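> Return atomic coordinates for the entry below.
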Amino acid sequence: MSADVSIEVDGGLVVPVDELRRAAGAAVSDQGDGAAVALTIRISGDELLQQLNHDHRGIDEPTDVLSFPASDDEFPEGGEDLEGGAYLGDVAISLPAARRNAELTGTPLSRELEHLVTHGVLHLVGYDHESEADTAAMRAREVGLLGDWVHAIWDAPPTH
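Next comes the predicted model:
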């Protein structure tokens with residue numbers, strides 16, 4: 001499956017766009033039936049993530065990543081039709097939260113961002129962490145995509 005990944009970066013923020021686009025593409029590459037899909041990733045600050053977290057989850061504090069699937073249907077139905085594919089949805093990431101996470105775990109910022117993109121996109125394709133079994137499946141997929149270094153991220157206390 002191929003992915004058309006749009007990455008929007010708020011003014012003044014600098015991120016490794018090509019690496020993040022590759023991570024997002026990898027997270028959907030073996031899903032579905034081979035149809036092209038599209039998604040958007042927004043890199044912003046804590047303020048936007050706090051507002052989104054409040055509006056959509058009722059939690060009035062910033063977080064590192066939020067996913068907004070275009071449809072509640074099973075993957076790969078998605079939202080609007082895009083030349084035989086589907087619009088999967090949107091992922092929002094707080095760059096300040098990613099920096100805090102990276103400092104806490106001793107992980108390079110680029111790797112932390114790669115993890116947040118992967119995690120967010122996996123939510124768009126149907127993974128979640130609502131149960132222990134769901135969490136194990138999602139973590140196994142993250143290890144498969146990123147490698148064992150993600151264990152340090154999972155084991156760290158939250159920074160948001």
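
> where along the chain do the strands fall?
3-9, 37-44, 65-69, 81-82, 85-94 (DSSP state E).

> quick one: contacts for the residue minimising distance to the centre of the chain?
The geometric centre of the chain, computed from its C-alpha atoms, lies nearest to Gly120 (CA atoms, centre = their mean), at 1.9 Å. Taking CB atoms under 8 Å, 6 or more residues apart in numbering, we find Gly120 in contact with 41, 65-67, 91-93. Every residue, glycine included, has its C-beta placed from N, CA and C.

> Apply 7 Å and report the result again.
Residues near Gly120 by CB atoms under 7 Å, 6 or more residues apart in numbering: 65, 67, 91, 93.

> Excluding chain neighbours, what is closest to it?
Counting by CB to CB, 6 or more residues apart in numbering, the nearest residue to Gly120 once its immediate chain neighbours are dropped is Val91, at 3.5 Å.

> isn't the one you found right up against Leu122?
No - shown here, Val91 and Leu122 do not form a contact pair, counting by CB atoms under 7 Å, at 9.9 Å.

> So these two - more neighbours on which side?
Val91 (29 against 23; other CB atoms under 10 Å).

> The more buried one pairs with what?
Ile41, Ser67 (DSSP bridges).
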